[in-house]
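Trainee: Fold the following and give me the result.
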Amino acid sequence: MTTKWLRQRAPAFWLVMGGALLTAVVYWPGLSGSWLFDDFPNIVDNSGIHSSNLSLASLVNAALSSPASQFKRPLASLSFAANYLATGLAPFSWKATNLAIHLLNGWLVFLLTRALLLSVAANAARDHAPSEETPSPTPGNSRRVGIVAALISTSWMLLPINLTGVLYVVQRMESLANLFVLIGLLGYVVGRQRMIGGRRGPWLCISSVLMATVLGLLAKETAVMLPLYAFLIEWLVFRFASSRGLHEGRCEHRGLKWFFALALALPMSGGLAWLLPGLLKPSAWATRDFTLGTRLLSEARIVSDYVVWTLLPTPGALSFYHDDFRISTGLLSPWTTLASIAFLIALVTAAWMQRRRRPLVALGLALYLGCHLLTGTILPLELIYEHRNYFASFGLLLALIPLLAAPRGSAQTTATAQRELDRPNPFDLPLPLSLPRHIVLAGLMLLWTVETSQTATAWGNPLSLAQDLAARAPASPRAQYELGRTYIIYSHYDPLSPFVESAYSALEKAAALPDSSILPEQALIFMNARMGLSVKDSWWDSLIAKLSDHPAGVQDESSLGALTKCSREGACHLSQGRMMDAFRATISHPDPSARLLATYSDYAWTVVGDHALGLSLIERAISAAPAEPAYRITVIRMLIASGKYDQARQALQKLEALNFGGRLDGSIAEIRARLPPIERPHGRQ
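Mentor: You can find the predicted model right below:
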């Protein structure tokens with residue numbers, strides 16, 4: 001038995017292990033890189049995950065600390081806290097942890113792909129079986145299936161489009177969520193194989209999907225798509241067949257149909273009922289450069305582009321920053337909008353037409369398109385991110401690689417010929433000319449490996465990364481800003497440093513690009529103020545004009561926060577009049593965010609000394625985000641400093657209601673120590 005197992009599985013096992021080792025070697029240079037973009041608010045500047053112990057209060061505080069989502073993504077945040085507890089803020093260990101998760105996901109991709117291929121092979125064998133007896137895949141076919149699964153797994157681990165899921169630390173949220181998605185799908189497929197083999201399996205299928213969905217949601221909301229992926233596998237591979245109806249095609253498993261009806265219809269109906277009223281309001285799109293309609297048109301192009309970026313990537317396409325993307329305003333504005341819609345319709349049509357003859361092709365396309373239903377449709381998210389293809393790319397490889405790797409003569413033959421060959425066909429396609437196909441596959445894998453290696457090497461050094469990304473996206477304000485910011489860091493705020501002139505050039509270029517945020521102006525003002533140099537009026541004028549023209553976005557809020565912190569700490573001597581003009585411009589728009597109001601409050605209280613304004617602003621922040629304890633802590637401290645002790649005690653009671661798991665014990669104890677004891681009337685004991 002052991003010898004037979006090794007003979008069937010050893011080639012695939014060693015191939016996938018070799019793929020994992022190659023992936024580790026390719027990514028290794030990138031592990032020495034630094035933090036980037038959203039890493040700062042979620043990790044570097046997020047004090048909630050900077051735990052010094054494993055107390056319940058610290059764990060709860062870490063779990064609920066993420067600013068990335070109102071759902072907090074507690075499992076991802078706890079993994080960040082574990083990294084911090086182990087090694088502090090040294091990025092290497094955080095990126096190494098991400099790589100370990102990616103390699104584990106690669107192994108799960110191998111197991112899931114192998115299980116799917118064997119299931120398709122078993123279906124092909126049953127379709128040509130001369131009796132009711134369920135045939136088993138032959139040893140030769142099992143070896144081929146394992147090798148194809150290993151090729152898909154290795155390719156997926158090496159895809160350049162998946163690099164940000166590894167080296168961009170904050171995107172551990174995505175890779176960790178998909179760890180549970182892959183586990184859930186594997187459990188579902190194994191359960192269905194058991195059911196078709198006449199053994200019990202329904203509870204394994206259902207529990208795998210439900211438990212993995214819940215755990216995945218604790219890392220990131222994208223795991224909510226797991227039931228849809230399982231449904232697509234059931235529909236296209238297992239066809240809701242029960243063990244009693246495999247050959248007649250008449251006996252369907254009604255229990256699974258009811259499960260999917262409930263698991264898909266109820267959450268979708270509830271989600272739409274919750275989301276749609278808000279999404280139809282113009283205020284939901286106020287901080288975006290697109291509306292619901294222009295977003296849907298633009299996403300048609302983006303989802304189509306992702307196919308090319310995944311399979312035939314170019315450095316210019318995978319540029320990380322895509323704020324220079326031209327939003328679609330009509331079917332022909334640009335013309336590629338209509339072409340992309342036609343392309344997506346063609347993919348849907350191909351998946352439907354191939355669902356019987358070539359279920360792997362249909363499943364792969366369906367998984368790819370299904371993955372983008374959440375992030376590529378009605379939610380007012382940013383338009384483009386490569387990491388959204390972390391699971392979707394698996395679908396494309398599942399559709400493509402079995403076709404390229406299939407041996408010559410693996411065509412679906414007549415029932416007699418199939419029995420004579422005793423070789424169930426897992427590839428479902430007559431494919432001649434095996435050598436050219438294998439050359440194409442080898443060429444693609446080489447392309448993916450080389451490009452990922454080159455990009456990972458650039459990610460290993462902050463300056464080389466900034467220069468590389470700016471070169472890839474010369475029209476991107478973000479890319480040019482990050483290049484200028486990196487030059488500032490390398491200058492160490494020394495006016496004589498050669499990096500200073502380069503910083504001016506990059507930042508002024510970024511500020512002049514269309515639709516840029518105030519980040520470049522903020523960096524120019526910050527740099528000169530830190531170096532004790534004069535700040536140009538044109539920088540202030542541009543910053544304030546941008547804040548007046550558009551509601552403040554996340555980047556604008558971060559910029560004002562950086563200037564406020566620098567002023568509060570005395571490192572920057574900035575014009576209070578100009579800063580107040582900037583803040584007034586931001587709150588002139590409807591519904592300013594709680595974060596913006598809190599930043600303005602901080603500046604008014606600590607720098608300007610206008611305590612009345614600071615207190616009123618932080619109270620508005622609490623109204624905008626009543627579940628955020630940081631704002632309540634700030635208002636209590638302000639009330640104590642103003643001698644308003646009774647109001648402070650009332651506010652403290654509301655804060656204590658948010659003290660889940662003791663996460664606020666330290667802050668509450670510090671506040672109580674600052675409050676004077678309550679005076680009791682004379683004569684009472």
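
Trainee: What does S51 show for phi and psi?
Mentor: Main-chain dihedrals, S51, degrees, to the nearest 10: phi -80, psi 140.

Trainee: my bad, should have said A241
Mentor: Residue torsions, per degrees, to the nearest 10, at A241 are phi -70, psi 140.

Trainee: Report the beta-bridge partners for it.
Mentor: E252 (DSSP bridges).

Trainee: phi, psi of G330?
Mentor: Dihedral angles (degrees, to the nearest 10) for G330: phi -170, psi 170.

Trainee: Which residues does it form beta bridges with?
Mentor: Counting by DSSP bridges, the residues bridging with G330 are S333.

Trainee: Distance of it relative to A300?
Mentor: Distance from G330 to A300, counting by C-beta to C-beta, to the nearest Å: 12 Å. All C-beta atoms are positioned from the backbone trio N, CA, C, and that covers glycine.

Trainee: joint contacts of the two?
Mentor: Common neighbours of G330 and A300, using C-beta atoms under 8 Å, 6 or more residues apart in numbering, are T337.

Trainee: Between these two, which has more neighbouring residues?
Mentor: Counting neighbours by other C-beta atoms under 10 Å for G330 and for A300 shows that A300 has the greater number, 23 against 12.

Trainee: got a list of contacts for the helix or strand hosting the more buried one?
Mentor: Using DSSP states H and E, A300 falls within helix 292-311. The contact list for helix 292-311, computed with C-beta under 8 Å, 6+ apart, reads 159, 161, 279-280, 285, 288, 290, 317-318, 325, 327-331, 334, 336-337, 339-341, 343-344, 368-369, 372, 376-378, 380, 383-384, 386, 388-389, 392-393, 396, 400, 444.

Trainee: So among these, which ones count as buried?
Mentor: With burial judged by 16 or more other C-beta atoms under 10 Å, the buried subset of these is 159, 161, 285, 288, 290, 317-318, 325, 327-328, 336-337, 340-341, 343-344, 368-369, 372, 376, 378, 380, 383-384, 386, 388-389, 392-393, 396, 400, 444.

Trainee: Downstream of the lowest-mean-pLDDT helix or strand in the chain, the next helix or strand is which one?
Mentor: Least confident element among the helices and strands of the chain, by mean pLDDT, DSSP states H and E: helix 415-421 (a mean of 37). Downstream of helix 415-421, the first helix or strand assigned by DSSP H and E is helix 434-459.

Trainee: which strands and helices sit next to that next one?
Mentor: Under the contact definition 3 or more C-beta pairs under 8 Å, 6 or more residues apart in numbering; DSSP states H and E, helix 434-459 sits against helix 2-27, helix 139-158, helix 392-405, helix 462-472.

Trainee: orientation of that helix relative to helix 292-311 in degrees?
Mentor: 110 degrees (axes from the mean of the first three to the mean of the last three C-alpha atoms, to 10 degrees).

Trainee: residues of helix 434-459 that come out buried?
Mentor: 437, 441, 444-445, 447-449, 451-453, 455-459.

Trainee: So what's the model's average confidence on it?
Mentor: The average pLDDT for helix 434-459 rounds to 93.

Trainee: for stretch 180-189, same thing?
Mentor: Rounded mean pLDDT across stretch 180-189 is 97.

Trainee: what about the protein, any weak spots by pLDDT?
Mentor: In the predicted model, the chain carries pLDDT under 70 at residues 1-9, 125-141, 243-253, 407-433, 679-685.

Trainee: The longest helix along it relative to helix 392-405, how many degrees between them?
Mentor: Taking DSSP state H as the criterion, the chain has its longest helix at helix 91-127. For helix 91-127 against helix 392-405, the angle by the same axes, to 10 degrees is 50 degrees.

Trainee: Distance from the chain centre to helix 91-127, please.
Mentor: 19 Å (C-alpha atoms, centre = their mean, to the nearest Å).

Trainee: Show me what counts as buried in that helix.
Mentor: So, applying 16+ other C-beta under 10 Å, buried residues of helix 91-127: 91, 94-99, 101-103, 105-126.

Trainee: so what secondary structure elements neighbour that helix?
Mentor: By 3+ C-beta pairs under 8 Å, 6+ apart, helix 91-127 packs against helix 2-27, helix 74-87, helix 139-158, helix 164-167, helix 172-196, helix 359-375, helix 392-405, helix 415-421.

Trainee: Can you check which of these gets nearest to D38?
Mentor: D38 sits nearest to helix 172-196 of all the helices and strands packed on helix 91-127, at 9.9 Å, using C-beta to C-beta.

Trainee: ok, then the element right after that closest one?
Mentor: From helix 172-196, the next helix or strand downstream (DSSP H and E) is helix 202-217.

Trainee: so how far is that next one off the chain centroid?
Mentor: 21 Å.

Trainee: For that helix, buried residues please.
Mentor: Per 16+ other C-beta under 10 Å, helix 202-217 contains these buried residues: L204, C205, I206, S208, V209, A212, T213, L215, G216, L217.

Trainee: Please apply the same query to stretch 277-286.
Mentor: A284, W285.

Trainee: Ends of that stretch, what's the gap?
Mentor: 15 Å (C-alpha to C-alpha, to the nearest Å).

Trainee: got the contact list for it?
Mentor: T291, L292, I378, L379, P380, P551, H589, P590, D591.
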